[in-house]
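Undergrad: fold the following.
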Amino acid sequence: METAVPAANPLTLAQIPAGTCARITHIVGGKGLIRRLLGLGLRVGSEISVLQQRRRGVVVASAGTRVALGASVADKLLMQPLDR
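TA: Predicted structure coming up:
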C-alpha cells in the first residue's frame with residue numbers, strides 16, 4: 001500500500017480550488033482504492049492540476065490525462081498545494 005507522512009495541516013482534494021496545482025501526499029483508503037487510482041495514473045507523489053470543482057466531485061489533470069473524481073474519492077486524497 002502506498003502511503004506517505006501527511007503534512008501538518010493537510011488539505012483534501014475537495015478543498016483545493018480550481019486552477020491550483022498540488023501533489024498527492026497521502027491516500028486514505030484501502031488497497032482497492034489505491035489500485036483504482038493507480039489505474040487512472042494517480043499515486044502518492046503525483047502532481048495534479050485542479051481544472052474544475054463541481055458540486056459532487058472534481059476534475060483534475062495529471063500527466064496529460066483528465067480525470068473526474070467523485071466527492072467521496074476527493075475527500076480521501078490528502079494534498080500539498082504547490083507554488084507555481
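
Undergrad: when you work out contacts or count neighbours from here on, use the C-alpha atoms and nothing else.
TA: Will do.

Undergrad: can you pull out the strands in this structure?
TA: Secondary structure of the chain, counting by DSSP state E: strands at 11-12, 21-27, 47-54, 57-62, 65-70, 77-81.

Undergrad: dump the ones you listed to JSON lines, plus distance to residue 36.
TA: Putting the strands of the chain into JSON lines (distance: least, Cα to Cα, whole Å) gives the following:
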{"stretch": "strand 11-12", "distance to residue 36": "18"}
{"stretch": "strand 21-27", "distance to residue 36": "12"}
{"stretch": "strand 47-54", "distance to residue 36": "16"}
{"stretch": "strand 57-62", "distance to residue 36": "15"}
{"stretch": "strand 65-70", "distance to residue 36": "11"}
{"stretch": "strand 77-81", "distance to residue 36": "13"}
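
Undergrad: mean pLDDT, distance to residue 40 and mean neighbour count added to these, as CSV?
TA: What follows is the strands of the chain, written out as CSV (pLDDT from 0 to 100; distance: least, Cα to Cα, whole Å; neighbours: other Cα atoms under 10 Å):
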stretch, mean pLDDT, distance to residue 40, mean neighbour count
strand 11-12, 93, 18, 20
strand 21-27, 95, 14, 22
strand 47-54, 94, 12, 19
strand 57-62, 95, 9, 19
strand 65-70, 94, 7, 15
strand 77-81, 95, 14, 23
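
Undergrad: regarding this structure, what is its longest helix?
TA: In terms of residue count, the longest helix belonging to the chain (DSSP state H) is helix 31-39.

Undergrad: so what's the gap between it and the chain middle?
TA: 12 Å (Cα atoms, centre = their mean, to the nearest Å).

Undergrad: and it, what's its mean pLDDT?
TA: Per-residue confidence for helix 31-39 averages out to 95 on the pLDDT scale.

Undergrad: relative to strand 21-27, how tilted is it?
TA: Taking axes from the mean of the first three to the mean of the last three Cα atoms, to 10 degrees, helix 31-39 and strand 21-27 form an angle of 150 degrees between their directions.

Undergrad: may I see the buried residues of helix 31-39?
TA: Within helix 31-39, the residues scored as buried using 16 or more other Cα atoms under 10 Å are 34, 37.
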